[in-house]
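Enquirer: A predicted structure for the sequence below; I have some questions about it.
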Amino acid sequence: MLMLLATVGALALQEFSEAAGVIFLFSLSDWLESLSTARARNALSAIVRLRPERAKVKDPDSGKFIHVPASSVPTGSIVSVRTGDKIPCDGVVLEGSSVVDESSLTGESRPVRKVPGAEVSGGTINAGVAQLLIQTTSTADNSAVARLIRLVEDAQANRSPTEKMIDAFAKRYTPTVVLLSICMCTFPWIVSNEVGREWTKMGLVTIVIACPCALIISTPVTYVAGLAAAAQAGIVVKGGAHLESVGRVKRIAFDKTGTLTEGNFRLLSLRTWGSKTREEVLQLLYCIEGDASHPLAAAMIAAAKSEGVSVPREWKTEGHQNLEGEGVVAMIDGVAVHVGNFRLFERLSYLDHMPDVEMQYAKQWLNSGATVGFISVEGHGIVGSYCVSDAVRKEAKDVITSFGKLGIDVNMLTGDNKRAALSIGKDVGLVERQIKSQLLPHEKLSIVTDLMRTEKEDSMAKKRCGVSRRPGLVLMCGDGVNDAPALAIADVGVAMGAGAALAMETADVTLLDSNLSKLLKVIKLGKGVNRTIMENVIFSFVVKAVVMGFTFAGYSSLWAAIGSDVGAMVLVTINGMKLLPSKKSIRSGEGFDSFQVRGDKLPQTPSVPWNERAEEEEVPLGSDETIYDC
């Protein structure tokens with residue numbers, strides 16, 4: 001609209017070359033803008049294209065494989081995935097051994113080996129030399145890649161406070177400058193034609209300068225580039241507002257289990273006494289932990305399976321209930337069974353009746369830094385104790401050290417006992433004041449709230465001392481249902497992708513492959529986004545101020561005004577695009593799209609279009625014998 005007014009005004013003054021220049025340069029600016037933002041659009045389009053289109057499904061009637069649209073594959077179907085093909089839905093490998101490229105979903109550059117029993121995600125690619133037979137566990141619309149696509153699409157529509165503020169400013173700035181331009185183009189004609197003509201030219205230049213294109217585009221183009229770069233790295237950020245917030249984080253609260261640790265517990269010792277044998281205790285643990293969501297449950301089930309324990313068919317498990325921060329309780333074959341930590345059995349007053357020698361063993365386990373638990377049976381009291389351990393994530397210490405260098409305060413929150421918490425905390429480089437243990441979910445919530453209040457108080461104190469800065473934000477990173485309240489209350493909630501679905505729904509950011517290095521990456525990306533937006537906004541204002549100064553000094557023209565507007569718009573767009581990984585880094589393996597297995601080239605097999613293959617063709621299921629160190 002503003003450019004149209006400027007063109008009409010130039011034609012009215014019979015400045016035909018100026019009018020043509022406005023039209024030409026404005027058209028050029030549109031083309032350059034679309035060219036500059038093509039990489040961001042292409043990056044987002046590449047994510048959308050992850051959705052598989054076809055699937056080779058086994059017909060339950062004929063037993064032959066037929067090609068159908070991926071969206072029509074029901075849960076429980078058996079699909080065949082050849083080398084180079086996309087896996088249509090989330091599922092479990094039934095036959096075949098190969099490696100799968102998950103870089104499109106997680107950003108991990110090295111393919112992951114998949115063997116029978118391994119879980120696979122829809123949208124990932126069979127990158128080995130063997131075919132996989134997979135049983136689907138979800139439809140294509142509910143697969144991991146479908147959720148990723150929906151989150152990225154929703155993120156683009158989630159506008160940040162900075163975007164809203166700039167739009168609100170533009171709504172006031174543009175009418176004000178247009179009104180000033182109209183006054184410049186009308187009132188001076190009262191003095192004389194020569195004065196009127198001169199001021200009209202300046203008014204037209206002012207109209208062009210009033211166009212806030214560079215200012216308005218400076219923020220969304222940066223957010224789009226940042227969101228695309230994050231998604232390509234296997235990080236889903238639910239909108240520019242959260243990406244901006246991540247860049248302002250000053251304090252981080254980590255959950256321990258499954259976040260700083262791998263969440264893969266290993267049963268170190270199991271002791272039984274009283275009327276229950278070891279086999280009976282393992283049977284009870286198998287029954288009660290089968291419905292539990294805590295990572296500890298998997299360790300119990302694995303131990304029972306390894307000892308060949310089978311549960312009597314007549315046993316029924318009813319009334320299973322998670323006890324927050326304590327353990328679980330259920331009725332097994334009509335008898336109440338509790339499994340949990342010291343806090344649970346202190347509340348039940350069962351520890352007082354425990355044999356002294358067994359209590360000594362439990363205390364020794366505690367002193368060694370292990371996680372200790374007990375099992376009780378109604379009418380028998382405590383009948384067994386166990387200790388388990390969890391390995392620290394290999395990248396955790398380096399990541400926490402990097403946060404310290406960035407000036408970010410790190411805390412670890414856990415419901416585990418103090419000695420186990422201190423052992424893990426020291427392994428990742430934390431000191432005792434940064435480690436909070438034996439916490440219930442509501443206590444984690446209180447600590448996160450306290451951290452947020454402390455950060456605001458620190459900011460106010462610095463402001464009183466003459467140091468003005470925006471308050472830092474608090475980030476909570478966790479993976480389980482118990483973390484959901486703290487994730488929701490924190491300024492920024494980050495969920496580990498391997499964790500509970502509730503945590504991922506509650507969180508603002510999701511690390512799809514649960515790699516803590518991605519958290520460091522997204523925080524640096526957020527800082528880069530905030531810095532780039534500030535650069536773009538300041539540059540846009542400076543350009544307009546300079547051109548306005550030259551205009552009133554009598555040294556400007558429509559050509560110069562439109563040229564500066566186009567140049568500013570293109571420059572802020574290019575500056576925003578710098579957040580995307582370069583094509584060179586992608587080709588060299590440093591980007592997000594290439595994959596490699598420890599430097600060894602993966603066998604490249606050309607992918608044959610589905611419609612050029614025989615629909616009923618049966619391919620023997622083999623095994624990828626090539627050894628990859630994944």
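Expert: Arrived safely, thanks for sending.
Enquirer: When you work out contacts or count neighbours from here on, use the C-alpha atoms and nothing else.
Expert: Fine.
Enquirer: tell me the secondary structure for G319?
Expert: strand (DSSP: H, G, I helix; E, B strand; the rest coil).
Enquirer: count of residues packed around it?
Expert: A count of neighbours around G319, defined by other Cα atoms under 10 Å, yields 10.
Enquirer: Ok, A421 next?
Expert: If you count neighbours by other Cα under 10 Å, A421 ends up with 25.
Enquirer: And it, how far from T261?
Expert: Using Cα to Cα, to the nearest Å, one obtains 11 Å as the distance from A421 to T261.
Enquirer: Give me the below-cutoff pLDDT ranges for the stretch 501-630 of the chain.
Expert: Applying pLDDT under 70 to the stretch 501-630 of the chain flags the ranges 501-506, 556-559, 581-630.
Enquirer: Assumed I252 was part of a strand.
Expert: Yes - judged by three-state DSSP, I252 forms part of a strand.
Enquirer: Just to check, it is in contact with L475?
Expert: Yes - the pair I252 and L475 passes the contact test of Cα atoms under 8 Å, sitting 4.7 Å apart.
Enquirer: Those two: which has the busier surroundings?
Expert: A side-by-side neighbour count of I252 and L475, using other Cα under 10 Å, places L475 first with 27 against 23.
Enquirer: Wait, the more buried one touches V494, no?
Expert: Yes - assessed by Cα under 8 Å, L475 is found in contact with V494 at 7.2 Å.
Enquirer: I'd like to know how many residues surround R313.
Expert: R313: 6 surrounding residues under other Cα under 10 Å.
Enquirer: next one: R197
Expert: 17.
Enquirer: how about low-confidence regions in the stretch 201-350 of the chain?
Expert: Scanning the stretch 201-350 of the chain for pLDDT under 70 picks out the ranges 210, 212-213, 291-293.
Enquirer: For it, which segments count as strands?
Expert: Taking DSSP state E, counting those that start in this stretch, the strands of the stretch 201-350 of the chain run over residues 235-237, 249-255, 266-272, 317-323, 327-332, 335-340.
Enquirer: okay, the angle between the fourth one and strand 335-340?
Expert: Spelled out, that is strand 317-323. On the basis of axes from the mean of the first three to the mean of the last three Cα atoms, to 10 degrees, strand 317-323 is oriented at 30 degrees to strand 335-340.
Enquirer: what's the most buried one of the strands of the stretch 201-350 of the chain?
Expert: Of the strands of the stretch 201-350 of the chain, the one with the most neighbours on average (mean count of other Cα atoms under 10 Å) is strand 235-237, at a mean of 29.
Enquirer: Quick one: list the elements packing against that one.
Expert: In this structure, strand 235-237 packs against helix 144-157, helix 213-232, strand 509-511, with contacts taken as 3 or more Cα pairs under 8 Å, 6 or more residues apart in numbering; DSSP states H and E.
Enquirer: which of the residues in the last one are buried?
Expert: I take that to be strand 509-511. For strand 509-511, burial by neighbour count (16 or more other Cα atoms under 10 Å) applies to 509-511.
Enquirer: what distance separates stretch 52-67 from the centre of its chain?
Expert: Between the centre of stretch 52-67 and the centre of its chain there are 33 Å (Cα atoms, centre = their mean, to the nearest Å).
Enquirer: With stretch 297-311 instead?
Expert: Here stretch 297-311 shows a centroid-to-chain-centroid distance of 33 Å under the convention Cα atoms, centre = their mean.
Enquirer: Shouldn't I182 be within a strand?
Expert: No - counting by three-state DSSP, I182 is not found in a strand; it is helix.
Enquirer: isn't D255 right up against D416?
Expert: No - counting by Cα under 8 Å, D255 does not reach D416; the two are 10.5 Å apart.
Enquirer: Grab the nearest non-local neighbour of A336.
Expert: Distances taken as Cα to Cα, 6 or more residues apart in numbering place E378 nearest to A336, at 5.2 Å, with adjacent residues excluded.
Enquirer: residue ranges for the helices of the stretch 301-450 of the chain, please.
Expert: For the stretch 301-450 of the chain, the helices defined by DSSP state H, counting those that start in this stretch cover 342-347, 356-367, 396-405, 418-427, 441-464.
Enquirer: Same list as before, the ones you listed that is, but in JSON lines and with distance to I216 included.
Expert: Output for the helices of the stretch 301-450 of the chain, formatted as JSON lines (distance: least, Cα to Cα, whole Å):
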{"stretch": "helix 342-347", "distance to I216": "56"}
{"stretch": "helix 356-367", "distance to I216": "59"}
{"stretch": "helix 396-405", "distance to I216": "33"}
{"stretch": "helix 418-427", "distance to I216": "46"}
{"stretch": "helix 441-464", "distance to I216": "30"}
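Enquirer: Just name the most buried of those helices.
Expert: Greatest average neighbour count among the helices of the stretch 301-450 of the chain goes to helix 418-427 (a mean of 19), per mean count of other Cα under 10 Å.
Enquirer: Report the backbone C-alpha coordinates of that helix in CSV.
Expert: C-alpha atoms of helix 418-427 as CSV (Å, rounded to 0.1, in the frame of the first residue of the first chain):
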residue,chain,number,x,y,z
LYS,A,418,21.1,-38.7,49.6
ARG,A,419,24.2,-40.9,49.2
ALA,A,420,23.1,-42.2,45.7
ALA,A,421,22.3,-38.6,44.7
LEU,A,422,25.7,-37.3,45.9
SER,A,423,27.5,-40.1,44.1
ILE,A,424,25.8,-39.3,40.7
GLY,A,425,26.1,-35.6,41.3
LYS,A,426,29.8,-35.7,41.9
ASP,A,427,30.3,-37.9,38.8
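Enquirer: what residues does that helix touch?
Expert: 256, 366-371, 392, 397, 412, 414, 431-432, 435-438 (Cα atoms under 8 Å, 6 or more residues apart in numbering).
Enquirer: I'd like the distance from it to the chain centre, please.
Expert: Distance of helix 418-427 from the chain centroid (Cα atoms, centre = their mean) equals 27 Å.
Enquirer: what does stretch 268-284 give?
Expert: With Cα atoms, centre = their mean, you get 41 Å for stretch 268-284.
Enquirer: Now it: buried residues?
Expert: Quick answer for stretch 268-284 (16+ other Cα under 10 Å): 270-272, 279-284.
Enquirer: which non-adjacent residue is nearest E262?
Expert: Spatially, and ignoring its direct neighbours in sequence, E262 is nearest to R393 (5.4 Å; Cα to Cα, 6+ apart).
Enquirer: likewise I125?
Expert: Using Cα to Cα, 6+ apart and skipping residues adjacent in sequence, the residue nearest I125 is K86, 4.4 Å away.
Enquirer: Settle this for me: that neighbour is touching A127, isn't it.
Expert: No - using Cα under 8 Å as the test, K86 is too far from A127 to be in contact (9.3 Å).
Enquirer: I'd like to know how far R343 sits from D416.
Expert: Here R343 is placed at a distance of 10 Å from D416 (Cα to Cα).
Enquirer: and what of T277?
Expert: Distance of T277 to D416, computed by Cα to Cα: 27 Å.
Enquirer: Quick one: closest of the strands of the stretch 201-350 of the chain to P116.
Expert: For P116, the closest of the strands of the stretch 201-350 of the chain is strand 266-272, at 22.0 Å, according to Cα to Cα.
Enquirer: for that closest one, packing partners?
Expert: Applying 3+ Cα pairs under 8 Å, 6+ apart, we find strand 266-272 packed against helix 278-289, helix 295-306, strand 381-389.
Enquirer: Who are the contact partners of V120?
Expert: Shown in contact with V120 (Cα under 8 Å, 6+ apart): 87, 90-93, 114.
Enquirer: Return the backbone torsion pair for it.
Expert: phi -130, psi 160 (degrees, to the nearest 10).
Enquirer: So N417 is in contact with T371, correct?
Expert: Yes - taking Cα under 8 Å as the contact criterion, N417 and T371 are neighbours in contact, 7.0 Å apart.
Enquirer: Compare these two and say which is more crowded by neighbours.
Expert: Remark: of N417 and T371, T371 carries more neighbours, 25 against 20, as counted by other Cα under 10 Å.
Enquirer: Okay, and the beta partners of that one?
Expert: Beta-bridge pairing for T371 (DSSP bridges): V388.
Enquirer: Make JSON lines from the buried residues of stretch 268-284 and add distance to R313 to it.
Expert: What follows is the buried residues of stretch 268-284, written out as JSON lines (distance: Cα to Cα, whole Å):
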{"residue": "L270", "distance to R313": "24"}
{"residue": "R271", "distance to R313": "25"}
{"residue": "T272", "distance to R313": "23"}
{"residue": "E279", "distance to R313": "15"}
{"residue": "E280", "distance to R313": "14"}
{"residue": "V281", "distance to R313": "16"}
{"residue": "L282", "distance to R313": "15"}
{"residue": "Q283", "distance to R313": "11"}
{"residue": "L284", "distance to R313": "13"}
